[in-house]
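Colleague: Build the 3D model from these lines:
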Amino acid sequence: MKPKLILMSHGNMAKETFASTQMIVGDLANAEIVSMKAEDGLSGTQAKLQAILQKNGDVSTIIIADLKGGTPCNVAMMAMGTYPQLRVVSGLNLAMVIEASVSSLENVDELAAYLTTIGQQAVEMIELPELDEEEGFEE
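Modeller: Numbering: from 1, shown residues only. Alright, predicted model coming up:
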């Protein structure tokens, strides 16, 4: 069975990344969101995540959090002690969520490692190709 996916972020980043992924790949029935609001703090964010994890039960789950060391990621890491089937990956980006939703990997550790690689590969400085003067850009 494919692992569940939880996106966690400060503010609406997780919600909007979820919406953008749905625009590209369609319904994400296997994913949920924890959007930390300023007033949530640590305990409010823990309560939001705990509600999802309790509902999901003993299912393998990957959390993709926005920022290593930030409250959403720290809350996810703390939950790993209670949920041995839980894996946390930081650096939330659209490429990771798209791949998580279309990947056929069912092993939670393999999927977490794969998403880490995808996330790293998605970050790249884009440079204009060098063109001869005669080539130019086509319109």
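Colleague: Any figure for the gap between residue 104 and residue 23?
Modeller: Going from residue 104 to residue 23 by C-beta to C-beta, to the nearest Å gives 22 Å. All C-beta spots, glycine's among them, are computed from the backbone N, C-alpha and C.
Colleague: Correction: the previous question concerned residue 116.
Modeller: Taken as C-beta to C-beta, the span from residue 116 to residue 23 is 24 Å.
Colleague: okay, those two: which has more neighbours?
Modeller: residue 116 (16 against 8; other C-beta atoms under 10 Å).
Colleague: Quick check: chain neighbours aside, which residue is closest to the more buried one?
Modeller: Using C-beta to C-beta, 6 or more residues apart in numbering and skipping the chain neighbours, the partner closest in space to residue 116 is residue 89 (5.6 Å).
Colleague: Which secondary structure state does the one you found sit in?
Modeller: Assigned by DSSP: H, G, I helix; E, B strand; the rest coil, the conformation of residue 89 is strand.
Colleague: helices or strands up against the helix of greatest length in the chain?
Modeller: Longest helix in the chain, counting residues (DSSP state H): helix 41-56. Judged by 3 or more C-beta pairs under 8 Å, 6 or more residues apart in numbering; DSSP states H and E, helix 41-56 is in contact with strand 4-10, strand 31-36, helix 71-79.
Colleague: ok, 6 Å please
Modeller: Other helices and strands packing on helix 41-56, by 3 or more C-beta pairs under 6 Å, 6 or more residues apart in numbering; DSSP states H and E, are strand 31-36, helix 71-79.
Colleague: Take those and write them to a markdown table, including distance to residue 54.
Modeller: A markdown table is the format used below for those (distance: least, C-beta to C-beta, whole Å):
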| stretch | distance to residue 54 |
| --- | --- |
| strand 31-36 | 12 |
| helix 71-79 | 11 |
